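**Q** Sequence and computational prediction follow.
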Amino acid sequence: MDKIVINGGKPLRGRVDISGAKNAVLPILAATLLTSGRNEVLEVPQVRDVATMIHLIVELGAAIEVFEDGRLVLDTSRVDNIEAPYDLVRTMRASCLVLGPLLARLGAARVSLPGGCAIGARPIDLHIKGLKAMGADIRLDGGYIHAFADKLRGTRYYFDTVSVTGTANLMMAATLADGETVLENAAREPEVVFLADVLNRAGAKIEGAGTDAIVIQGVSSLRPLSCKIFPDRIETATYMIAGIITGGAVEIGNCIPHHVEALILKLREAGATVEENGPVLKVSRNGKLKAVNVQTSPYPGFATDIQAQMMALMTVAEGQSIVTESVFENRFMHVAELRRMGAGIAVRGNTAIVTGTKELSGAPVMATDLRASASLVLAALAANGESSISRVYHIDRGYASMERKLSALGADIRRVP
Ligand code: UD1
C-alpha cells in the first residue's frame with residue numbers, strides 16, 4: 001500500500017486548478033441509467049470513487065464509448081442487469097444511488113446494503129422508505145435490498161433527516177414515476193441542484209431544487225444526459241486551507257467561491273485573507289490565526305466534509321476552538337492521528353475542543369477515511385519535519401492528483417510504494 005511522505009514547514013505559493021466535483025458526478029452517472037442512449041459527461045475527475053461508479057454502471061449493462069481527458073461517453077441502451085453487488089457497494093456507499101434509477105427504468109433492483117463505515121452507521125432507511133412511499137415493494141434479504149415496482153407513483157415524502165444521496169435517489173426515481181412527487185426537507189446541496197438542472201435539460205420536470213421542497217412531475221422518458229461537471233467545493237476548501245495553514249499565498253482557479261461561502265467567512269473570522277475574483281479565490285495570512293468555532297450542518301451550512309481539514313487548521317491557531325459535528329456521529333477519526341503530531345484536542349461526544357499549539361511536529365500517521373486523510377496531509381504540510389501518511393487509498397477516492405497539485409505549489413511531498 002502506498003504512503004505519502006511530506007517534509008513540512010514550506011509555505012505554499014502559486015496557483016492550483018480545481019477538478020470536477022466527485023459528489024456531482026456520482027449521481028449524474030447513476031442518472032444515466034434513467035436514459036437509453038449516448039450520455040456525455042465532461043470534466044469527470046480522475047478519482048477512485050468515480051472509477052468505481054463507472055465500473056458499476058458498466059456491470060449493469062452500459063458501454064463506455066469514450067473516456068479520455070475527462071470526457072466520458074456512456075451508452076445506456078442495453079442496460080438490463082439489476083444487481084449492484086456487495087463487492088462494489090462496500091467500497092463506496094454512493095453506489096446505492098443506482099437504486100432509484102434502476103427501479104424507475106427496469107422495474108426492479110437488487111442493491112447490496114452498504115453496511116457500516118468509518119464515519120458512522122450511515123443507514124439508507126430514508127431512501128428505502130421514500131421508494132416504498134412511491135409504491136415500490138421492498139424486501140431485505142441476504143444483505144441485499146430487493147425492490148420491485150411495475151410503475152412508481154408520485155407521492156409526498158418528508159425526509160426525517162436531510163440526506164443528500166437520499167434526495168438525489170428519490171428525485172431520480174420520481175422523474176419517471178406516474179404523477180407528482182413532492183420531497184420535503186430535501187437537501188439543498190449544489191450537487192442536488194446540478195442533478196435537477198441536468199435532468200430538466202433531458203426532459204424531466206423538476207422544480208424547487210436548491211430549496212427544501214422539490215416538486216417533480218413524472219414524464220414517460222428522458223433523453224440522454226449531456227453536462228459538464230462543476231468544480232469540487234471540498235477540493236477547493238482543502239487547497240484554501242493548505243495555503244493558509246502553511247502561511248503561504250495560494251490562488252485557487254476554476255472554483256465556485258459561493259459554494260464555499262461558509263468556509264470563507266470562518267477563515268476571515270480567523271484572520272486569514274480571502275479574496276474572491278470571479279472563479280478565482282486568493283488566500284493568504286499575515287501572522288497568527290485566531291481560534292474560531294465551527295459547527296457542521298447541511299448546505300448552506302459548514303460542510304461536514306471540511307470539518308477535519310478545518311480542525312487541522314485550528315490546531316495551529318491561537319486559543320481554543322470548539323468544533324461540533326452534527327451531521328455524522330463518528331467523524332473524529334482524525335483526532336487521534338492529529339494528536340500524534342502534537343495537536344491539543346479533547347473530544348466530548350460530538351464536540352472537539354482544540355487548543356492551538358505553536359507548532360505541529362511530523363510523525364507517521366494513518367488515514368482512516370477520505371476527508372480525515374486530507375486533514376492529515378494539511379497538518380503534515382504545516383508540521384516541522386517529516387510525516388508519512390499511510391493508507392492513502394482513502395485520498396485517492398476523492399482527490400485528483402493531490403501530490404502533483406501540492407508539489408506544483410512548492411510542497412515537499414512524494415508517494416512511496
Ligand atoms: C453525502 C456526500 C458526503 C457528505 C454527506 C453529508 C455524496 C456521494 N456523499 O453523503 O460526502 O459527507 O452527504 O454532506 O454526495 N441518514 C440516515 N438515513 C438515510 C440517509 C442518511 O439516517 O437513509 C443520515 C446519515 O447517517 C447522516 C445524515 O443522514 O447522519 C446525512 O447523510 P447523507 O446526507 O445521506 O450523506 P450521504 O448522502 O451518504
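**A** All right, it came through fine. Residues are numbered from 1 along each chain as shown.

**Q** Around residue 184, how many other residues sit close by?
**A** Using other CB atoms under 10 Å, residue 184 has 12 other residues around it. In short, each C-beta sits where N, CA and C put it, glycine included.

**Q** Would you mind measuring from the nearest residue to it once chain neighbours are set aside to residue 72?
**A** Leaving aside its chain neighbours, residue 184 sits nearest to residue 158 (4.3 Å; criterion: CB to CB, 6 or more residues apart in numbering). Separation of residue 158 from residue 72 (CB to CB, to the nearest Å): 35 Å.

**Q** okay, the two: which has more neighbours?
**A** In this view residue 158 and residue 72 are compared by other CB under 10 Å, and residue 72 has more residues nearby, 24 against 14.

**Q** can you pull the contacts of the more buried one?
**A** 40, 41, 42, 44, 54, 64, 66 (CB atoms under 8 Å, 6 or more residues apart in numbering).

**Q** what do you get if the cut-off is 10 Å, keeping everything else the same?
**A** By CB atoms under 10 Å, 6 or more residues apart in numbering, residue 72 lies in contact with 25, 28-29, 32, 39-44, 50, 54, 57, 64-66, 229.

**Q** which among those end up buried?
**A** Neighbour-count burial (16 or more other CB atoms under 10 Å) applied to these gives 25, 28-29, 32, 39-41, 43-44, 50, 54, 57, 229.

**Q** Now, the residues you listed that are in strands?
**A** Judged by DSSP state E, the buried ones among the contacts of residue 72 include 39, 40, 41 as members of strands.

**Q** sorry, back to before: make CSV from the buried ones among the contacts of residue 72 and add pLDDT to it.
**A** Shown next, in CSV, are those (pLDDT from 0 to 100):
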residue, pLDDT
25, 98
28, 98
29, 98
32, 98
39, 98
40, 98
41, 98
43, 98
44, 98
50, 96
54, 97
57, 97
229, 98
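
**Q** and the protein, which residues reach the ligand?
**A** By CB under 6 Å from any ligand atom, the residues of the chain that approach the ligand are 23, 26, 93-94, 120, 122-127, 161, 163-166, 191, 304-305, 327-328.

**Q** Please flag which of these sit within helices.
**A** The members of those that map onto helices under DSSP state H are 23, 26, 125, 126, 127, 164, 165, 166, 191.

**Q** pLDDT-wise, what's the bottom of those residues?
**A** When these are compared on pLDDT, residue 125 comes out lowest, with 91.

**Q** wait, that one sits on residue 96?
**A** No: contact criterion CB atoms under 10 Å: residue 125 and residue 96 do not qualify, at 11.3 Å.

**Q** Between those two, point out the one with more neighbours.
**A** residue 96 (24 against 11).

**Q** Against residue 32, how distant is the more buried one?
**A** To residue 32, residue 96 is 16 Å away according to CB to CB.

**Q** cool, and residue 98?
**A** Residue 98 is 10 Å from residue 32, by CB to CB.

**Q** Common neighbours of those two, please.
**A** 57, 60, 79.

**Q** Looking at those, which one is closest to the ligand?
**A** Within the shared contacts of residue 98 and residue 32, the smallest distance to the ligand is 14.8 Å, found for residue 57 (CB to the nearest ligand atom).

**Q** looking at it, that closest one is touching residue 41, isn't it?
**A** No: applying CB under 10 Å as the test, residue 57 and residue 41 come out as separate, 11.0 Å apart.

**Q** Please enumerate the shared neighbours of those two.
**A** Going by CB under 10 Å, 6+ apart, residues that sit against residue 57 and also against residue 41 are 29, 32, 72, 74.

**Q** Skipping its backbone neighbours, what lies nearest the first one in space?
**A** I take that to be residue 29. Spatial nearest neighbour of residue 29, chain neighbours left out: residue 53 (4.7 Å); criterion: CB to CB, 6+ apart.

**Q** hey, what's the residue nearest to residue 364 when sequence neighbours are not counted bridged with?
**A** Leaving aside its sequence neighbours, residue 364 sits nearest to residue 388 (CB to CB, 6+ apart; 4.8 Å). Residue 388 forms beta bridges with residue 5, residue 364, as assigned by DSSP bridges.

**Q** My guess is residue 388 contacts residue 6. True?
**A** Yes: under the criterion of CB under 10 Å, residue 388 makes contact with residue 6 at 7.7 Å.

**Q** which one of these two has more residues nearby?
**A** residue 6 (26 against 16).

**Q** wait, what's in contact with that one?
**A** 362, 376-383, 385-389, 403, 406, 411-414.

**Q** from those, which ones fall inside strands?
**A** Reading strands off these with DSSP E, I get 386, 387, 388, 389, 412, 413, 414.

**Q** Tell me if I'm right that the fifth one and residue 5 touch.
**A** Yes: under the criterion of CB under 10 Å, residue 412 makes contact with residue 5 at 8.7 Å.
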